[in-house]
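A.B. asks: With the sequence up front, the predicted model follows.
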Amino acid sequence: MIVGTRVSQAPNDKKELRPNLTAVQRHVSPATVLIDSGFVSEEAVTAAERDADGPERRCAICRTHAPPPPAARSTNCARNPSSRSSACIIKEVPGFRRFSLRGLAKVSLEWDLLTLAYNLKRLGANLRAA
């Protein structure tokens, strides 16, 4: 389930940990948060250590396996299933290829609708399985 949706113009997630955590905490109060290595930077970890409130944070600091060979490092989700992130899967499954609207507010609304559809699909699948 996607709990907190947030769109940013940042080129990577290194400075997005605190805003994303805030977006999630508007809806739920998790006891522990697992943080992907893409969000980890010295600045983010230092800020998280200073912030005593909130959930326990567990960060992936370093790789525990060898990086994939250069041929497997494609950024195209369809060609490289092993590198799919959750956002990539969310965009690929319903056939979403690009945003139709322009501007941060409109793109954010479009992303909210896409994640809502994703959550409804997962809920439906869980209800059928039960």
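C.D. replies: Received it, and whenever you're ready, just let me know what you need. Numbering: from 1, shown residues only.
A.B. asks: which secondary structure element contains the nearest residue to residue 24 once chain neighbours are set aside?
C.D. replies: Leaving aside its sequence neighbours, residue 24 sits nearest to residue 4 (Cβ to Cβ, 6 or more residues apart in numbering; 3.6 Å). To be clear about C-beta, it is placed using only N, CA and C from the backbone, and glycine gets the same treatment. Secondary structure assigned from DSSP states H and E places residue 4 in neither a helix nor a strand.
A.B. asks: Now residue 4. Its backbone dihedrals?
C.D. replies: Comment: the main-chain dihedrals of residue 4 come out as phi -120, psi 120, following degrees, to the nearest 10.
A.B. asks: I'd like the distance from it to residue 11, if you could.
C.D. replies: Using Cβ to Cβ, to the nearest Å, we find residue 4 at a distance of 21 Å from residue 11.
A.B. asks: of those two, who's got more company?
C.D. replies: residue 4 (15 against 7; other Cβ atoms under 10 Å).
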